[in-house]
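A.B. asks: Turn this into a structure:
(chains A, B and C)
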Amino acid sequence: MDRLQNSMQVEYSVSLTLNGEPLSAHVDARTLLVELIREEAGLTGTHRGCDTSQCGACVVHFNGDSVKSCTMLALQADGGRVETVESLGRPDRLHPLQQAFTECHALQCGYCTPGMLMSGLDLLSKQPDADEQAIRDWLDGNLCRCTGYNNIVKAIGQAALALRGGNPDQGGCVHEPV
Amino acid sequence: MTQASLERRVLSKPIPRREDPRLLTGGGRFVDDVGFPDMMHLAVVRSPHGHARILGIDKSAALKVDGVVDVIVPGDYPELEIPMPDILEPGTLKNPYCDLHLTNPHYVLARGKTTFQGEPVAMVVAESRHAANAGVQAVSVEYEPLPAIVCAESAMKPDAERVHEANPNAICHLQVEHGDVDAAFAGAEIVLEERLSLQRVASMAMEGRGVVAAWDPLRGELTVWSTNQVPYRLRDAIARMLDLPYEHVRIISGDIGGAFGGKGLCPEDMATAAVARRWRRPVKWIESRSENFVAVHARDQTHTVRVAARKDGTLLGMDLTLVKDVGAYNSYEMVQTTNTVNHVLSHYRVPAFRAEGWCVVTNKTEVRPTRGAGRPEAAFVMDRMLDFVAQATGIDPLELRLRNIIPAEAMPYSNGLTYRDGVPITYDGGDYPGLLKRVAETFDYAGWRRRQAQAREAGRLIGIGISSSLEAGGVGPCEGACITIDDRGRVSVAIGVNSQGQSHETTFAQVCAEYLDVPLERVRILNGDTRLMRHGFGTGASRVGVNTGNAVMLAALSLKEKIKAFAAQMLGVTADEIGLQEESAFVSAAPDRRRSFAELARIASAHRGMDPLGGPGLTATEFYYPDTVTWSSAVQMVAVEVDRETGIVGILDYVMAHDCGLPLNAMVVDGQCQGGLVQGLGAALGEAMIYDDNGQLLTGSFMDYPMLRAADVPPLKIEHLDRPTDKNPLGMRAVGEGASVSPPAALAGAVEDALHHRCRIRAMPLTPQRVFELLKEARLL
Amino acid sequence: MSPFDYLAPASVDEAVSALHGAGDEARVLAGGMTLLPTMKLELAAPSLLVDLRRIAALKRIEFEQGELVIGAMTTHNEIASSALVRQHLPALAQVAGGIGDVQVRHRGTIGGSLSNNDPAADYPAACLGLDARIETTMRTLPASEFFQGLFTTALEAAEIVTAIRFRPVAKAGYAKFASQASRFALVGVFVGELDEGVRVAVTGAGNDGVMRIPTLERALAQRFDPSALPAHDIPVESLMADLHASAVYRSHLIDVMARRAVHACLGRRSPGLMRHGGFVRFEQER
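C.D. replies: I've put the predicted structure just below:
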């Protein structure tokens, strides 16, 4: 991670792994991790919704833990491993958590959704047996204004069941397929 | 003609959403996702004062900041010297009650003085966001602070200091009277009077406002990507400002992260467009959350209400005076106050009613209609007064409501009032007693009363609250839909509105698939682009489901007729001999003689036979003009427990039942109810925009404005009664706002009940501290 | 944010040199959960950030010579989930597990939090309540000398917190009443029964930051039970008042949270409802 002086602008080099691929860039020290992800790497799934690190729209994974990418400098992530919502699945191949979200109608405008997914994924990787209260408590750092949260909590619960190999239909969210 | 009784194939089914695959995988296209290599950034210098004269603006230091391209102050851009348009052009008012409507011109940049904290005073254009923000920091503004006018009722006095010199602060007035109110009060055994208010809040969508504008000098066209809920108004405003033909301004909306009324026209929209045209480079403005906090607010209305009743609880009359603090500017006439007046009688018979109201300007952020738009205030007034009458008469609050409720047989019911579209109000069906009883049953009202008594013996504080709501929705003027079948059988539906989470791409596809009788996968909704339809009137007032939904249905039926007519030509029969099935037209008597829709579409592109059928292609456009609004109804009941040590309110049970007519998608309707209810719960339990005496906003971030989190929300039981209306072909009513209306009233009733009615709750929110003070008032500590 | 230079030294000595070199204009970057939002809101504009993330010596949880030693760069989550902490000082794990939200706990550090001494932060109450010793690059201080007022500590220029030392105690517990909005403590009470006596440390309430309440300590020393605590004891003049809680309310909450902290010390479930608006069961024991 080197400091470079380029005429008036001081820049630093940063290298990290983003969704499994190496990423190197020269950045102003002020560049936030969320800006590196959105602008340098062009991955716009991670969003910004506040300036007090409370809304969670920017949640990504850093070295296996969910973090708020708006409250990290890109330089703090140097040498590390970042995962964003784009690493979860594709429209034609959704991750079970994404599948649960659509079945449970756990999103409306979609703005908080990437943060909810990454937060939920972190929970399920650490507490595969998380119950409803544990899910609700885990989401303290993720705000949503559209859904009222209950469908999100259901979706994470349904995904937990699916990931443990259970029957997702027991989660009670499944609706008719298109 | 209603379709209510027909078997439905896809309409109303809880089908997962089309929007989801891209939104779940990071493929959403929000305004901040739009970018260009040579794009500039706009940032805003905002007034730190609630009220101050602007003595001078020094931009010299800002212009020297590396990367700053321009600093705009009043006078710099002549095109920005026109006021922001009002939502209702003068002369088009149909509001039957409003007899005063003064306007204060609202300029893009404050002129001479600033009238609210956060008002744009200057703007900076720069090569990067960092440079733009640095430029803003470097602009030096000299202010002479003035005393701030922060109390609407004081501001109404004739000798009060004026927010805007040209007009008194009370800029709008309404009044209405129905029945003999004075006689009702003279003859009443019980007369109660209270002062009730609902606090200022904000819609707080998770995405803030933003805009990108790009000017194409070769074609003289401006393209704008915007979070705006009213794209055609934005288009027209920008076109007029820049003296462009309307067709040369195109507003594109991809995905928008919620709005709830907070994303209408704003000064930054106009400035970004002007800068893009002047500099011939794309320009982006994205607000921060701190800016969003001072952008647009909601509610802030105080009521003095008198109710006359008999000892048996029968309501005889209501006399209501209300004052709304609209902030420094008012661009929505008396929409919200009129809504309060027209919704306050709710599900109940009130033979005599009088209302008078004012909108008053103050040195605060502008208040615009946001989710509820005057209806939460109405429910709060009616339900609080019903609860007080119940206390005064000793009648159970549920029983009292049943004694005054409009029976199902009385439908359609006229309450003697007139909606703000000028049409006399008629509740178009609904079984209000049935709804109330249904909720009472699901909630187990009798059971909760028993548990309450049992718990009280153990010293626990448990209470029950009830609130009913009406939601007038689907106001016009109209919306349109243009359905086209292409030569591969694919169906596109172009509509004139954009979505901020309402699931239009799914619900309207369901309408089209149902009435065109094609598979759902064939249908694609095209929206969020003012090039698609010639006009549209925006999301808001819970209008789009009804308006666009019916337009899609009518266009589908119209297209079917056209298909039959053209197929008849191709097959040498008359149109009534043609049947349609499985995306083909066939001769009913000889089904082997058939043409597929795809084939017909191909032929129709150049065939002369389309001359009498409206021209080339299998396409039909229809606009749906509602006569007036429809009336959805709902009831909420909540059981709470108050922690007497801390004032924390826990929720034991929360039940809602509602009737919004035909649902376009049952799952989407349920989601709207859940989200609306929780938004209402936030306003009940903590949200408040609080100003100090200097017009400084004390609650300027999520650190001070409490948003409910997942752990702050109880499970909800929501029942959907779906009784269709005969007011429009689809049989549907509105659903966007209804659930957000009742929580403040329901929670106030429940907490007061928990505290043995030894206190009176006249204002919200019920924060833990507030509940602590009520516990003291009730001598329960 | 204003522009700044950035350094991520590999050793404490390098970090201290860098801080000495830049003087007032430099700030230490730990987790960034406080500093970065402050800089984003233009409330702080350091010209140099010295990031401690590469200094391995600052990240540890060890039990040595009868003390739990926690490196300054240890995150709240690491403390909350540490088997060692849960074994020797479960109340400290509980405090750490209640800070902010999950994502904040993954990045925020104990050293960063203590150095900031936010009057509503949780660790100051735990450190004062446990008579922790705070080790810096220059000295070791008892908590009572380290905390010196609102956002003020004994740290001198270029002095960095390196570790915090805790002696395990027989009984300790924390009860926090969080602001609905910020989730910081409106009132947080830490109670510890140390060898040398009882300590009651309160955060979120005092006009001058974290404070001990001698009257409550004496009462508990007589009888370590929630019922031994006197009510309405704390004079409101010494308490903070803001939009979210008056001084009177804070005084009342100190009473309540002190009782609940003692319940926690005694291994009893805390009575009372936790989340405003959250679901509660009718049948649940109160």
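A.B. asks: got the residue ranges for the strands in chain A?
C.D. replies: Ranges of strands within chain A are A:3-6, A:9-18, A:21-27, A:59-62, A:65-68, A:81-83, based on DSSP state E.
A.B. asks: For chain B, which of those is the nearest?
C.D. replies: strand A:9-18 (8.5 Å; C-beta to the nearest C-beta). Glycine gets a C-beta too; all of them are placed from N, C-alpha and C.
A.B. asks: which other residues reach that closest one?
C.D. replies: With contact meaning C-beta atoms under 8 Å, 6 or more residues apart in numbering or on different chains, strand A:9-18 is reached by A:1-5, A:22-29, A:36-37, A:41, A:43, A:74-75, A:77-84, C:3, C:5-6.
A.B. asks: Adjacent strands (with direction) for that strand?
C.D. replies: strand A:3-6 (antiparallel), strand A:21-27 (antiparallel), strand A:81-83 (parallel) (DSSP bridges).
A.B. asks: Show the pLDDT at residue 103.
C.D. replies: Reading this off chain A. Note for A:Glu103: predicted pLDDT of 98.
A.B. asks: not quite, I wanted chain B
C.D. replies: So, for B:Thr103, pLDDT stands at 91.
A.B. asks: That one and B:Tyr332 touch, don't they?
C.D. replies: No - contact criterion C-beta atoms under 8 Å: B:Thr103 and B:Tyr332 do not qualify, at 11.0 Å.
A.B. asks: Neighbour count for the two, which is higher?
C.D. replies: Set B:Thr103 next to B:Tyr332 and count neighbours by other C-beta atoms under 10 Å in any protein chain shown: B:Tyr332 wins out with 22 against 18.
A.B. asks: element containing B:Arg236?
C.D. replies: Slight slip there: residue B:236 is Asp, not Arg. helix B:231-241 (DSSP states H and E).
A.B. asks: Report the buried residues of that helix.
C.D. replies: B:Pro231, B:Tyr232, B:Arg233, B:Leu234, B:Arg235, B:Asp236, B:Ala237, B:Ile238, B:Ala239, B:Met241 (16 or more other C-beta atoms under 10 Å in any protein chain shown).
A.B. asks: quick check, nearest of those residues to chain C?
C.D. replies: Among those, and counting by C-beta to the nearest C-beta, the member closest to chain C is B:Leu234, at 29.6 Å.
A.B. asks: burial of the one residue in chain A that gets nearest to chain C, as a residue count?
C.D. replies: Nearest to chain C in chain A, going by C-beta to the nearest C-beta, is A:Gly141, at a distance of 3.0 Å. Using other C-beta under 10 Å, A:Gly141 is surrounded by 24 other residues.
A.B. asks: what's the answer for the one 3 residues further on, then?
C.D. replies: Here the number of neighbours of A:Cys144 (other C-beta under 10 Å) works out to 31.
A.B. asks: For it, list the residues it contacts.
C.D. replies: A:Cys144 sits next to A:Cys112, A:Met116, A:Ile152, B:Met206, B:Ala710 when contact means C-beta under 8 Å, 6+ apart.
A.B. asks: which two of those residues lie the greatest distance from each other?
C.D. replies: The span of those, defined through C-beta to C-beta, is set by B:Met206 and B:Ala710 at 14.0 Å.
A.B. asks: Show me the strands in the stretch 251-400 of chain B, by range?
C.D. replies: Using DSSP state E, counting those that start in this stretch, the strands of the stretch 251-400 of chain B run over B:283-286, B:298-309, B:315-327, B:352-361.
A.B. asks: same for the helix holding B:Asp236, what does it pack against?
C.D. replies: In this structure, helix B:231-241 packs against strand B:221-226, strand B:249-252, helix B:267-279, with contacts taken as 3 or more C-beta pairs under 8 Å, 6 or more residues apart in numbering or on different chains; DSSP states H and E.
A.B. asks: quick one, it and strand B:221-226 angle?
C.D. replies: 140 degrees (axes from the mean of the first three to the mean of the last three C-alpha atoms, to 10 degrees).
A.B. asks: so how far is chain C from B:Val212?
C.D. replies: Separation of B:Val212 from chain C (C-beta to the nearest C-beta, to the nearest Å): 22 Å.
A.B. asks: Just give me the residue right at the centre of the chain.
C.D. replies: Just going to use chain A. Closest residue to the average C-alpha location of chain A: A:Met118 at 3.1 Å, with C-alpha atoms, centre = their mean.
A.B. asks: To clarify, I was referring to chain C.
C.D. replies: C:Tyr123 (1.1 Å).
A.B. asks: and the contacts of strand A:9-18, which are buried?
C.D. replies: Buried among these (16+ other C-beta under 10 Å): A:1, A:23, A:25, A:27-29, A:36-37, A:41, A:43, A:74-75, A:77-78, A:80, A:82-84, C:5-6.
A.B. asks: Mind checking the pLDDT average for the helix or strand hosting B:Arg401?
C.D. replies: For B:Arg401, the host element (DSSP H and E) is helix B:397-404. Averaged over helix B:397-404, pLDDT sits at 98.
A.B. asks: Ok, stretch B:469-486 next?
C.D. replies: The pLDDT scores in stretch B:469-486 average 95.
A.B. asks: What residues does the stretch 151-286 of chain C have near chain B?
C.D. replies: When proximity is defined as C-beta under 8 Å from any C-beta of the partner chain, the stretch 151-286 of chain C approaches chain B at C:177, C:179-182, C:243-246, C:249, C:252-253, C:256, C:271-282, C:286.
A.B. asks: Please list which of those also come close to chain A.
C.D. replies: Answer for those near chain A (C-beta under 8 Å from any C-beta): C:Gly278.
A.B. asks: ok, B:Val230 touching B:Cys266?
C.D. replies: No - contact criterion C-beta under 8 Å: B:Val230 and B:Cys266 do not qualify, at 11.0 Å.
A.B. asks: Show me what the spatially closest residue to B:Ser596 that is not a sequence neighbour is bridged to.
C.D. replies: Leaving aside its chain neighbours, B:Ser596 sits nearest to B:Ser584 (4.8 Å; criterion: C-beta to C-beta, 6 or more residues apart in numbering or on different chains). For B:Ser584, the beta-bridge partners under DSSP bridges are B:Gln581, B:Ser596.
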